[in-house]
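S.K.: Below is the sequence, then the predicted model.
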Amino acid sequence: AQDTTHAATCVLRVAGFENPKETNVALKKVVLGTLVVVGAAAVGGWFSLDKETRGLLATVPTNRDLLFWTQPQRDAAFRALDRIPLLAKANVVPASSTPSPLPPGPPLKLKSDVDAYMAGQRSAALLVVHDGKLRLERYGLDFDAAGRWTSFSVAKSLTSTLVGAAVKDGFIQSLDDKVSVYIPELKGSAYDDVSVRQLLTMTSGVKWNEDYADPSSDVAKFNNHQPEPGVEALVSYMRKLPRDVPAGTRWLYSTGETNLVGTLVQQATKKPLATYLAEKVWGPAGMEQQATWLLSKTGKEIGGCCVQASPRDYARLGVFILNGAQANGQSIVPEGWWAEATTKRADIGRPGRGYGYQWWTYDDGSYAARGIFGQGIFIDPQRKLVIVSNANWAHGARDPQATEARENFYREVQQVIDEEARAPRP
């Protein structure tokens, strides 16, 4: 469950969204709905807008808290979160000047009913790439290959990759450096004892309460924190947290810390995350379409959430990483990075599973980027396999049935690939 609800805060308050319990919900509904519609009119009128924006306006969310949006509102919003600046601002990641091919392969012969699986997932997109060839590409929810769907916490794995690039480029000297070396505002805080590696693996040992039902929890409070002048709001809040256990001794999911990783990359490189992503990943990977990265209320990309990209480009991302993230014949990350980043660095209390550098790991060598409501990129190096999922799960951010069904789908695809490998060749 840690890979789902923890990301909600990233988008619930991307434009300074507030806890709905703390303000007058009715007033917010009126103000938000009115502002969005007026903003759309200012853009140039209904018929000048693309279908995703029109769909969002037709079901405009009337509550700033995504967890309280209706299913139709989420259906419309997940493909258009970057379309209306009054909802959220975003930085653009340009398409590559040399798109990489994603050629079709022989159709994947699955025993299960793919239509039934997609209906249960409420899939917007389902892609399977094997050995560089697209062997399954299906769409639902009136979505198609031309659209962009939000990543939610899948972005965390992208941000982790940018940490690796920053190490290779010399912006970060060592993962064993203390976090406060790169975020000086954290000096004198509990993070003086935390390394970059421990931040990546969520083993800081700093006290944190991720209880979404508790209005006094850190995850409820930190987005509304009023920072000291000149200090980024997230850093201002995080530096006041006390130590709970020694660094490196416990894994604890912390939304705040995933966003700190993004802050660290931005301050180390002196570049916006979208700019560094374009340089290190989007261009070299040959992405066909532009992407966007949503901004926090302080105008910085949210390190732990909310890249919008096309399903095929999510597939290209998986292939790029599967092939060692090569640009001009050289890896964008240091030698040995993927062996560390995508294998268990921390025990999460689930047999056969673990946590790497912002990647969810499997003991068979597979690993995944995950986001709430069914977003995912599953990568299996042994089988040269990438599976992309974009969805809007029917039963919310946490949907145990949909989660298990997706794991079963991964296993079935692996089995089919294994059977093909064992079959005699004509």
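M.R.: Done, it's in.
S.K.: who touches the top helix by length along the chain?
M.R.: Assignment by DSSP state H gives helix 400-422 as the longest helix of the chain. By CB atoms under 8 Å, 6 or more residues apart in numbering, the residues outside helix 400-422 that reach it are 1, 4, 108-112, 117, 120-122, 128, 130, 366, 374, 376, 378, 380, 383, 385, 387, 389, 391, 393-395. For glycine as for every other residue, the C-beta is placed from the backbone atoms N, C-alpha and C.
S.K.: Select only the buried ones of these in PyMOL?
M.R.: To isolate the buried members of the contacts of helix 400-422 in PyMOL, using 16 or more other CB atoms under 10 Å:
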select buried, resi 4+108+110+117+120+121+122+128+130+366+374+376+378+380+383+385+387+389+391+393
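S.K.: Which stretches in the protein count as strands?
M.R.: Applying DSSP state E to the chain gives strands spanning 90-93, 123-130, 133-139, 149-150, 291-294, 307-309, 326-327, 330-331, 353-355, 360-362, 367-371, 375-380, 385-391.
S.K.: Next, format these as JSON lines and append mean pLDDT and distance to Glu257.
M.R.: Output for these, formatted as JSON lines (pLDDT from 0 to 100; distance: least, CB to CB, whole Å):
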{"stretch": "strand 90-93", "mean pLDDT": "97", "distance to Glu257": "22"}
{"stretch": "strand 123-130", "mean pLDDT": "98", "distance to Glu257": "29"}
{"stretch": "strand 133-139", "mean pLDDT": "98", "distance to Glu257": "35"}
{"stretch": "strand 149-150", "mean pLDDT": "96", "distance to Glu257": "21"}
{"stretch": "strand 291-294", "mean pLDDT": "97", "distance to Glu257": "19"}
{"stretch": "strand 307-309", "mean pLDDT": "97", "distance to Glu257": "19"}
{"stretch": "strand 326-327", "mean pLDDT": "90", "distance to Glu257": "29"}
{"stretch": "strand 330-331", "mean pLDDT": "94", "distance to Glu257": "26"}
{"stretch": "strand 353-355", "mean pLDDT": "97", "distance to Glu257": "12"}
{"stretch": "strand 360-362", "mean pLDDT": "98", "distance to Glu257": "16"}
{"stretch": "strand 367-371", "mean pLDDT": "96", "distance to Glu257": "17"}
{"stretch": "strand 375-380", "mean pLDDT": "98", "distance to Glu257": "20"}
{"stretch": "strand 385-391", "mean pLDDT": "98", "distance to Glu257": "25"}
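S.K.: Turn those into TSV, including distance to Leu175.
M.R.: What follows is those, written out as TSV (distance: least, CB to CB, whole Å):
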stretch	distance to Leu175
strand 90-93	25
strand 123-130	30
strand 133-139	35
strand 149-150	29
strand 291-294	23
strand 307-309	23
strand 326-327	21
strand 330-331	16
strand 353-355	15
strand 360-362	17
strand 367-371	18
strand 375-380	21
strand 385-391	26
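S.K.: Would you point to the one among these that's packed deepest?
M.R.: Across those, averaging neighbours per residue (mean count of other CB atoms under 10 Å) puts strand 307-309 on top, at a mean of 28.
S.K.: and Ala421, how many neighbours does it have?
M.R.: By the criterion of other CB atoms under 10 Å, Ala421 has 8 neighbours.
S.K.: Distance of it relative to Gln382?
M.R.: To Gln382, Ala421 is 10 Å away according to CB to CB, to the nearest Å.
S.K.: so where's the stretch 51-200 of the chain uncertain?
M.R.: Along the stretch 51-200 of the chain, segments meeting pLDDT under 70 span 51-65, 67, 86.
S.K.: Do a quick rundown of the helices in it.
M.R.: Using DSSP state H, counting those that start in this stretch, the helices of the stretch 51-200 of the chain run over residues 51-58, 71-77, 114-121, 154-168, 179-182, 196-200.
S.K.: which strands and helices sit next to the fifth one?
M.R.: By that I understand helix 179-182. On a contact count with 3 or more CB pairs under 8 Å, 6 or more residues apart in numbering; DSSP states H and E, helix 179-182 meets helix 196-200, helix 255-269.
S.K.: Just give me how far that helix sits from the chain centre.
M.R.: How far helix 179-182 lies from its chain's middle: 24 Å, per CA atoms, centre = their mean, to the nearest Å.
S.K.: same check, this time on the longest one
M.R.: How far helix 154-168 lies from its chain's middle: 12 Å, per CA atoms, centre = their mean.
S.K.: Tell me what angle that helix forms with strand 375-380.
M.R.: 60 degrees (axes from the mean of the first three to the mean of the last three CA atoms, to 10 degrees).
S.K.: Which parts of helix 154-168 count as buried, going by neighbours?
M.R.: Residues 154-168 are the ones in helix 154-168 that count as buried (16+ other CB under 10 Å).
S.K.: then it to CSV, C-alphas only?
M.R.: Taking Å, rounded to 0.1, in the frame of the first residue of the first chain, the C-alpha atoms of helix 154-168 are listed here in CSV:
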residue,chain,number,x,y,z
VAL,A,154,6.4,7.0,-11.1
ALA,A,155,8.2,10.3,-11.2
LYS,A,156,10.2,9.3,-8.1
SER,A,157,12.2,6.8,-10.1
LEU,A,158,12.9,9.4,-12.7
THR,A,159,14.2,11.8,-10.0
SER,A,160,16.4,9.0,-8.6
THR,A,161,17.8,8.5,-12.1
LEU,A,162,18.7,12.2,-12.2
VAL,A,163,20.6,11.7,-8.9
GLY,A,164,22.7,9.1,-10.7
ALA,A,165,23.2,11.5,-13.6
ALA,A,166,24.3,14.2,-11.2
VAL,A,167,26.8,11.9,-9.6
LYS,A,168,28.2,11.0,-13.1
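S.K.: follow-up on the earlier one: looking at the longest helix of the chain now, give me its mean pLDDT.
M.R.: The average pLDDT for helix 400-422 rounds to 96.
S.K.: count of neighbours near Glu412?
M.R.: Per other CB under 10 Å, the neighbour tally for Glu412 reads 15.
S.K.: rewinding a little: Trp359 is nearest to which of the helices and strands packed on helix 179-182?
M.R.: Proximity to Trp359 (CB to CB) singles out helix 196-200 among these, at 9.6 Å.
S.K.: quick one: that closest one to chain centroid distance?
M.R.: Relative to its chain's centre, helix 196-200 lies at 18 Å (CA atoms, centre = their mean).
S.K.: packing partners for it?
M.R.: On a contact count with 3+ CB pairs under 8 Å, 6+ apart, helix 196-200 meets helix 154-168, helix 179-182, helix 255-269.
S.K.: Name the residues that touch the second one?
M.R.: By that I understand helix 179-182. For helix 179-182, the surrounding residues in contact (CB under 8 Å, 6+ apart) are 172-173, 186-187, 189, 191-192, 194-196, 199, 260, 264, 267-268.
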